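> here are the coordinates; sequence isn't available:
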Ligand code: AGP
């Protein structure tokens with residue numbers, strides 16, 4: 001079952017490989033209608049000037065995609081934005097003129113449906129971002145956008161994550177581009193980054209396929225893993241930790257790297273594997289040094305630093321507002337390879353379901 005390229009015996013492997021194609025499909029469908037606001041208008045969403053805040057909600061991997069999307073509204077549009085765990089949404093205070101973006105690949109997640117049912121009247125507009133436009137979620141929303149991932153069979157979400165981030169980014173950039181609220185430089189950088197995404201994803205697949213397998217062989221006996229990030233990279237650390245625990249049944253935690261010294265550093269011992277999602281924040285070098293000083297084994301993904309003769313030279317911080325999306329690829333590959341070595345069923349992890357219809 002251990003595979004090193006080509007078609008796989010499991011759906012998850014194939015779905016990971018499909019991500020550049022999915023990204024291309026999303027961009028072909030949506031990118032041409034970003035600039036003039038056509039995509040935003042086609043969805044019937046209110047002008048961005050009439051939106052005071054954005055609340056993105058979802059569960060698990062869809063919530064992570066939502067957090068990445070929240071970064072687009074916040075960084076490009078400077079709109080107050082929060083990402084909410086759907087099962088906790090009942091404890092929120094809702095205000096009018098809120099755009100609620102409900103994220104769910106299945107569109108049937110009970111926690112998400114219940115959160116929407118609990119919204120007070122006059123809260124604002126609900127946009128459903130889903131891989132199932134005939135779903136219960138779609139029926140509850142004011143507007144629906146298909147994330148175009150195609151059928152995803154593996155219980156662990158992979159290509160739907162990438163599709164949700166990119167679809168959400170296209171919609172947000174479309175509304176912001178005609179709003180007068182957008183930071184023009186960030187908007188332009190994001191549009192260029194969008195176009196480069198399929199290549200970035202396929203580059204990550206090629207760069208990491210064998211490396212992930214070798215790492216999994218090395219780390220097969222590790223009992224726990226840390227995932228660190230900062231800023232827009234943090235959500236990818238969170239997704240890496242979720243994938244790892246879901247697939248391998250090993251303990252995995254994610255933290256903002258700045259929190260290390262406030263507790264998690266105590267977990268680091270000789271050989272403790274620590275994945276660091278590098279979004280270009282130079283402070284990560286210090287975080288890494290802290291881990292290495294305790295004997296931790298750092299695996300850096302998404303490097304924006306060049307190492308020359310032991311020195312780390314930072315590349316310009318040109319990452320898009322949704323963060324270093326391609327870093328999810330090595331994290332997915334590693335989780336799958338580790339799970340295969342541990343003889344887990346990577347398509348159907350124990351205790352989990354593809355669509356969680358109980359709240
Ligand atoms: C992802 O790998 C998980 N299987 C899980 O966290 C999932 O993302 C979550 O249950 C939400 O599902 P949804 O996207 O169908 O709403």
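Okay, I see it. Since the model is a prediction, treat every value here as computed from it, not as a measurement.

> quick one: contacts for residue 160?
By CB atoms under 8 Å, 6 or more residues apart in numbering, the contact list for residue 160 reads 61-62, 65, 105, 131, 147, 149, 152. For glycine as for every other residue, the C-beta is placed from the backbone atoms N, C-alpha and C.

> Repeat the analysis, applying 6 Å as the threshold.
105, 131, 149, 152 (CB atoms under 6 Å, 6 or more residues apart in numbering).

> got it, and residue 324?
Shown in contact with residue 324 (CB under 6 Å, 6+ apart): 233, 279, 302.

> Leaving out chain neighbours, which residue sits closest to the last one?
Computed as CB to CB, 6 or more residues apart in numbering, the closest residue to residue 302 that is not its neighbour in sequence is residue 327, at 3.7 Å.

> hang on, that neighbour in a helix?
Yes. The assignment for residue 327 by DSSP: H, G, I helix; E, B strand; the rest coil puts it in a helix.

> Quick check: of the contacts of residue 160, which lies closest to the ligand?
residue 105 (3.7 Å; CB to the nearest ligand atom).

> show me the contacts for the closest one.
Here residue 105 is in contact with 62, 131, 157, 160 (CB under 6 Å, 6+ apart).

> Could I get the phi/psi values of the last one?
Pointing back at residue 160 there. phi -70, psi -30 (degrees, to the nearest 10).

> Could you find the closest non-adjacent residue to it?
residue 105 (3.9 Å).

> Give the burial count for residue 289, as a bare number.
Under the neighbour criterion other CB atoms under 10 Å, residue 289 is assigned a count of 10.

> likewise residue 88?
There are 11 residues near residue 88, going by other CB under 10 Å.

> Any chance of the backbone angles for residue 78?
Taking degrees, to the nearest 10, you get phi 50, psi 40 for the backbone angles of residue 78.

> how close does it sit to the ligand?
Applying CB to the nearest ligand atom, to the nearest Å, the value for residue 78 to the ligand is 28 Å.

> same deal with residue 147?
Taking CB to the nearest ligand atom, one finds residue 147 at 10 Å from the ligand.

> In contact with that residue, which residues?
When contacts are counted by CB under 6 Å, 6+ apart, residue 147 touches 131, 163-164, 167.

> which outside residues touch stretch 130-138?
Applying CB under 6 Å, 6+ apart, the contact partners of stretch 130-138 are 102, 104-108, 113, 128, 144, 146-147, 149, 160.

> Over to stretch 191-200?
20, 23-24, 320, 326.

> List buried residues within the residues you listed.
20, 23-24, 320, 326 (16 or more other CB atoms under 10 Å).

> Please identify the helix or strand for the spatially most central residue of the chain.
Nearest to the mean C-alpha position of the chain, by CA atoms, centre = their mean, lies residue 65 at 4.0 Å. If you go by DSSP states H and E, residue 65 is part of helix 60-77.

> what's the answer for residue 189, then?
Residue 189 belongs to helix 184-218 when elements are defined using DSSP H and E.

> Report how many residues lie close to whichever residue of the chain sits closest to the ligand.
Across the chain, the shortest distance to the ligand (CB to the nearest ligand atom) belongs to residue 60, at 1.8 Å. Residues near residue 60, counting by other CB under 10 Å, number 22.

> Same check on residue 223?
8.

> returning to that earlier point: out of the contacts of stretch 130-138, which sit inside helices?
Using DSSP state H, the members of the contacts of stretch 130-138 that fall in helices are 113, 160.

> returning to what we had before: next up, phi/psi of the residue nearest to residue 160, please.
phi -60, psi -40.

> host element of the nearest residue to residue 64 once chain neighbours are set aside?
Nearest residue to residue 64, sequence neighbours excluded (CB to CB, 6+ apart): residue 239, at 4.5 Å. Assessed by DSSP H and E, residue 239 sits inside helix 234-248.

> which helices and strands does that helix pack with?
Counting contacts by 3 or more CB pairs under 6 Å, 6 or more residues apart in numbering; DSSP states H and E, helix 234-248 is packed against helix 60-77, strand 224-229, strand 251-256, strand 273-277, helix 328-341.

> Determine how far that helix lies from the middle of the whole chain.
From the chain centre to the centre of helix 234-248 is a distance of 10 Å (CA atoms, centre = their mean, to the nearest Å).

> Touching that helix from outside, list them.
By CB under 6 Å, 6+ apart, the surrounding residues in contact with helix 234-248 are 64, 67-68, 156, 225, 227-229, 252, 254, 256, 275, 277, 327-328, 331-332, 335, 338-339, 342, 346, 349.

> Now restrict those residues to buried residues only.
When neighbours are counted using 16+ other CB under 10 Å, the contacts of helix 234-248 contain these buried positions: 64, 67-68, 156, 225, 227-229, 252, 254, 256, 275, 277, 327-328, 331-332, 335, 338-339, 346, 349.

> near the ligand, which of the residues you listed show up?
The subset of those within reach of the ligand, by CB under 6 Å from any ligand atom, is residue 156.
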